[in-house]
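**Student:** got a structure for you, letters missing:
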Ligand SMILES: Nc1nc2c(c(=O)[nH]1)N[C@@H](CNc1ccc(C(=O)N[C@@H](CCC(=O)N[C@@H](CCC(=O)N[C@@H](CCC(=O)O)C(=O)O)C(=O)O)C(=O)O)cc1)CN2
Ligand SMILES: [Zn+2]
């Protein structure tokens, strides 16, 4: 018999129950106990959703982030929170979100750095290390949840992040070599595993996705070392890898002295056969056969075609699971009532994916006839999608075939056109601007909800959003900002908003996926060839410009980001979909220009995140991704200034690609890294203008002007002052007006001081 399990389940809740509880707790509207009750309810429900599995994951639930949970389990709290009072949960959220000086009688606490979880849109809190970091086991959370799962009749399989990946994900704050900490980390893992054994745990899932990355000899050695150290522990270890191919680490992974290995058969299908051959006969092999990163139904028959021979070879040693944790997909398709029925029939969310898993295991255990109906349904859906006329659009294909290199070429090189732009715009030195969005207040979201429910007419909705745009312009003028934005009040999300307006896209009602903490996204579903039926943003931008004499920056999301933050087609290369998006956004850029918008920002927030995990695949990706941006952006006249924005980007290794975008101004995240990121720009002599983010918008901390000024001074050591802009790290939509106004006041004040002194 095959064993079924899952690597993790979405924790936010089908109706985002966790999000609402977290946010209420942070606002002191509910107690810690209330929040704990919501957590327990969600765990109960999610284990129920997974009850057909032979083993359910325990420890995948989190009040903020599973990496931060591991940091607490290992007693690796940053020193700055250790004596800040309150309960453990208070300290936990303090690392996650920071604490402002205003909030406590004492002092502010800086939030932990947040960064992307591999190539996903999930963000984790980066573990912090120092040369003398000591680890100390705190297993309460895990043990309690194991007890909880058992009491509910489940067979728990604790999930932890493995020691090597834990170090890999973190950062040494003192430049020491974090790998040296492995020696002191391993005894704590041993202790944890022993404790789990004492609690009768048979299998532990140890996540080691670092194995799908490029590893140097030291990191590879760390894997052998770690698992030789842990091999004497009592529970059996299932080392899980996902998100990519093992490649040169395949043998290493197979030879680790553990009882089982999980391979992501969706992103590494061609490695299945090799692993089946290599894996020593006493080990279990878990295969991730249902895609945990997208929402398409699995072609069950095709999967069985290759899986049955594997089962014949492995017999009981075979386990089946989704390719990775289901954290990256929405919970339940059954809630979706407004999706087009044809498109809906092509989809599977987390619960449906587990059903598919169940069908596959039944087919292996009892033969295909035992699940004849399910297989027929799957085949029907797959066929319907393959042959649907809604997927293919000949005119889009024709436009793609017409693309030529001139599409991506500005009329003149940057040094020439920047002069034209400066003459036209007349901006001061250190121009101030924002990244686009202003607070998405409860009021705006309620308004949108009412409109969606039909309680508000389109005219009324538009009037209310216009009011919000007006307020936003008034506030920016009062602040004295130099380049204004309309504030994005009309957008639910910077990607979903465009998805809703483009042909070739569908969108869900409840398809929420956690992005970080309590923040979720509803990735739109790119199912067919993309085209733009009509202008998407022009009316809003034109309206905003009509309210001010100051230059207004039009705001678009770029093709690469729309692609990376959508659920995308698996029936054509990503490159193809991206070029189609580029043509659509390019049309919008030209419409904005024609409407008299002199500055256009095209956000490519997710460009870096889409970078393949393996460096040898970068050039290919960067080639088409940067081409797509250029096609979208560069059809404008010299006097039109193109901005782009990227967040959480480590630029060092892709700076040349970024330069090739040829945007006139790039605004980037840097503040949490203390302008360190700018070293990339210094080394390469990045030619164009740069706005290094001067304050972290993800934290409620309000910066003072001195902090900002000193950051800008650091920036000026690296970039010529005349090329610097002053702006926050990212959009302000997640903040409150009460936070935004004083922060921007500090920012404008800092810019004025700089103009006087530098
Ligand atoms: N797609 C995407 N990925 C991204 C980012 C991004 O902006 N977009 N930014 C980076 C950081 N990630 C982020 C992800 C989400 C949010 C965010 O603010 N999300 C909102 C939801 C945005 C949204 O779609 N809102 C809808 C629906 C809002 C809603 O919840 N409505 C309520 C009713 C209103 C209420 O009572 O609040 C309901 O439907 O029940 C709208 O505005 O229309 C949230 O979680 O709160 C921010 C940053 C990286 N990845
Ligand atoms: Zn951003």
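**Tutor:** Received it, and whenever you're ready, just let me know what you need. None of the values given here were measured: they were computed from a predicted structure. Ligands and ions are numbered 1, 2, ... in the order given.

**Student:** What is the subsequent helix or strand relative to the lowest-mean-pLDDT helix or strand in the chain?
**Tutor:** Using mean pLDDT, DSSP states H and E, helix 679-684 stands out as the lowest-scoring helix or strand of the chain, at a mean of 74. As assigned by DSSP states H and E, the chain's next helix or strand after helix 679-684 is strand 689-692.

**Student:** Now do the buried residues in that following strand.
**Tutor:** 689, 690, 691, 692 (16 or more other C-beta atoms under 10 Å). All C-beta spots, glycine's among them, are computed from the backbone N, C-alpha and C.

**Student:** Check the contact between the first one and residue 666; I expect there is one.
**Tutor:** Yes - counting by C-beta atoms under 8 Å, residue 689 touches residue 666, with 7.3 Å between them.

**Student:** Tell me where the stretch 251-400 of the chain has helices.
**Tutor:** 272-278, 300-314, 341-344, 350-366, 372-387, 394-401 (DSSP state H, counting those that start in this stretch).

**Student:** and those, which is most packed in?
**Tutor:** helix 350-366 (a mean of 21; mean count of other C-beta atoms under 10 Å).

**Student:** For the residue in the stretch 401-550 of the chain positioned nearest to ligand 2, pull up the helix or strand it's in.
**Tutor:** For the stretch 401-550 of the chain and ligand 2, the shortest gap (C-beta to the ion) falls at residue 435, measuring 5.8 Å. Assigned by DSSP H and E, residue 435 falls within no helix or strand.

**Student:** count of neighbours near it?
**Tutor:** By other C-beta atoms under 10 Å, the residues close to residue 435 number 28.

**Student:** Distance of it relative to ligand 1?
**Tutor:** 10 Å (C-beta to the nearest ligand atom, to the nearest Å).

**Student:** I'd like the distance between residue 219 and ligand 2.
**Tutor:** Between residue 219 and ligand 2 the computed distance is 30 Å (C-beta to the ion, to the nearest Å).

**Student:** Residue 612 versus that residue, what's the distance?
**Tutor:** According to C-beta to C-beta, to the nearest Å, residue 219 stands 18 Å off from residue 612.

**Student:** ok, for the residue of the stretch 201-350 of the chain found nearest ligand 2, nearest residue in space, not its chain neighbours?
**Tutor:** When scored by C-beta to the ion, the stretch 201-350 of the chain has residue 328 as its residue closest to ligand 2, at 19.9 Å. Once flanking residues are discounted, residue 328 sits nearest to residue 293: 5.2 Å by C-beta to C-beta, 6 or more residues apart in numbering.

**Student:** State the distance from the residue of the stretch 401-550 of the chain closest to ligand 2 to residue 453.
**Tutor:** In terms of C-beta to C-beta, residue 435 sits 31 Å off from residue 453.

**Student:** now swap in residue 270 and tell me
**Tutor:** Distance of residue 270 to residue 453, computed by C-beta to C-beta: 48 Å.

**Student:** for residue 604, same thing?
**Tutor:** Distance from residue 604 to residue 453, counting by C-beta to C-beta: 34 Å.

**Student:** again, but for residue 236
**Tutor:** Taken as C-beta to C-beta, the span from residue 236 to residue 453 is 51 Å.

**Student:** Identify all contacting residues around stretch 137-145.
**Tutor:** 43, 58-59, 61, 69, 72-75, 156, 158, 160, 188, 191-192, 195-196, 199 (C-beta atoms under 8 Å, 6 or more residues apart in numbering).

**Student:** My error: substitute stretch 45-55 in the last question.
**Tutor:** 3-6, 9-11, 13, 56-57, 61, 149, 152-157, 203, 331, 350-351, 354, 357-358.

**Student:** Out of the residues you listed, which sit inside helices?
**Tutor:** Taking DSSP state H as the definition of helices, the contacts of stretch 45-55 contribute 149, 350, 351, 354, 357, 358.

**Student:** just to revisit the earlier point, which among the contacts of stretch 137-145 end up buried?
**Tutor:** Buried members of the contacts of stretch 137-145, counted by 16+ other C-beta under 10 Å: 43, 58-59, 61, 69, 72-74, 156, 158, 160, 188, 192, 195-196, 199.

**Student:** Would you mind measuring from the most centrally placed residue in the chain to residue 262?
**Tutor:** Nearest to the geometric centre of the chain sits residue 121, at 1.3 Å (C-alpha atoms, centre = their mean). Residue 121 is 22 Å from residue 262, where distance means C-beta to C-beta.

**Student:** And residue 31, by the same measure?
**Tutor:** 39 Å.

**Student:** got it, and residue 474?
**Tutor:** 55 Å.

**Student:** Can you give me the neighbour number for residue 535?
**Tutor:** 17.

**Student:** surely it meets residue 589?
**Tutor:** No - under the criterion of C-beta under 8 Å, residue 535 makes no contact with residue 589, lying 10.8 Å away.

**Student:** from the buried ones among the contacts of stretch 137-145, which two are the most distant?
**Tutor:** 43 and 188 (24.8 Å; C-beta to C-beta).

**Student:** can you tell me which residues contact residue 412?
**Tutor:** For residue 412, the contact set (C-beta under 8 Å, 6+ apart) comprises 420, 638.

**Student:** Check which helices and strands the host helix or strand of residue 624 is in contact with.
**Tutor:** Here residue 624 sits within helix 618-633, counting by DSSP H and E. Judged by 3 or more C-beta pairs under 8 Å, 6 or more residues apart in numbering; DSSP states H and E, the packing partners of helix 618-633 are helix 559-564, helix 574-594, strand 599-603, strand 641-646, helix 655-661.

**Student:** Format the ones you listed as JSON lines; extra columns: mean neighbour count, mean pLDDT and distance to ligand 1.
**Tutor:** Shown next, in JSON lines, are the helices and strands packed on helix 618-633 (neighbours: other C-beta atoms under 10 Å; pLDDT from 0 to 100; distance: least, C-beta to the nearest ligand atom, whole Å):
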{"stretch": "helix 559-564", "mean neighbour count": "29", "mean pLDDT": "98", "distance to ligand 1": "8"}
{"stretch": "helix 574-594", "mean neighbour count": "22", "mean pLDDT": "98", "distance to ligand 1": "14"}
{"stretch": "strand 599-603", "mean neighbour count": "25", "mean pLDDT": "98", "distance to ligand 1": "9"}
{"stretch": "strand 641-646", "mean neighbour count": "26", "mean pLDDT": "97", "distance to ligand 1": "11"}
{"stretch": "helix 655-661", "mean neighbour count": "19", "mean pLDDT": "93", "distance to ligand 1": "18"}
